[in-house]
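Engineer: Structure, please.
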Amino acid sequence: MMKSYIQNETYEGNDFTHEGFICGEYEGCKFSNCTFSKIDLSGAVFTDCDFVHCDLSMSTLHGTAFREVRFSNCKLLGLHFDDCNGFSLDFQFESCLINFASFFKLKISGTQFKDCNLEKVDFMETDLSKSVFKNCDLKSAVFERTNLEGADFRSAYNFLIDPEINRIQKAKFTTQNITGLLSKYKILIE
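Structural biologist: Sure, this is the predicted structure:
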């Protein structure tokens, strides 16, 4: 069956939980104030698309492709980005709520997270090299066998990263947030 190809369309205030979502290839599209909550987005392809003030929480992402996609002020709770199509996977996040999501084993080097809440996010075995976590809350996020080389955590907070089980060469931290690297040693830093 042939997938729909939609280019340069703007969707404003669509509630796809009631309208239904057409699985297809979307290029250069903008989704603003749209609801995709618990929608099956499996197999959809989004290229050079913007999601602004959208709710994609608990959506199914089996084989979904995000290529040069920007999420701004979106609610992305419980998403399994690790189920996405890994080919050319590229997205950026600004002012998003991404709690309980999984990026397990993804290669997403250089990803930008700005002003995001990333509580209890699974970053196990993820390649986050050269990624930026600007002013992000990483409370209870899991970093294990994660490549964080060259990543920028200078304004991130509430993270716990074990340097012995993660690659952190040339990662950037500040003296204010370095306790997130040393907490397992139960030392006092004043």
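Engineer: In the chain, what residue spans correspond to helices?
Structural biologist: In chain order, the chain shows helices spanning 16-19, 179-182, with DSSP state H as the criterion.
Engineer: Dump the C-alpha coordinates for the last one into PDB.
Structural biologist: Listed next in PDB are the C-alpha coordinates belonging to helix 179-182 (Å, rounded to 0.1, in the frame of the first residue of the first chain):
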ATOM      1  CA  THR A 179      28.500  16.500  42.600                       C
ATOM      2  CA  GLY A 180      26.500  14.600  40.100                       C
ATOM      3  CA  LEU A 181      29.700  12.800  39.000                       C
ATOM      4  CA  LEU A 182      30.900  12.100  42.500                       C
END
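Engineer: shaky segments in this structure?
Structural biologist: Counting by pLDDT under 70, the low-confidence segments of the chain come to 1-2, 185, 187-190.
Engineer: That one: strands as residue ranges?
Structural biologist: For the chain, the strands defined by DSSP state E cover 4-7, 10-12, 24-27, 30-32, 45-47, 50-52, 65-67, 69-72, 91-94, 112-114, 132-134.
Engineer: before we move on, back to that, is it possible to export the helices of the chain to CSV including mean neighbour count and distance to residue 152?
Structural biologist: Yep, even glycine has a C-beta here, placed from its N, CA and C like the rest. Below are these laid out as CSV (neighbours: other CB atoms under 10 Å; distance: least, CB to CB, whole Å):
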stretch, mean neighbour count, distance to residue 152
helix 16-19, 14, 35
helix 179-182, 16, 14
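Engineer: Could you dump those into CSV with distance to residue 143 added?
Structural biologist: Formatted as CSV, the helices of the chain follow (distance: least, CB to CB, whole Å):
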stretch, distance to residue 143
helix 16-19, 33
helix 179-182, 10
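Engineer: Can you say which of the ones you listed is nearest to residue 170?
Structural biologist: Across the helices of the chain, residue 170 has its closest neighbour in helix 179-182 (13.8 Å, CB to CB).
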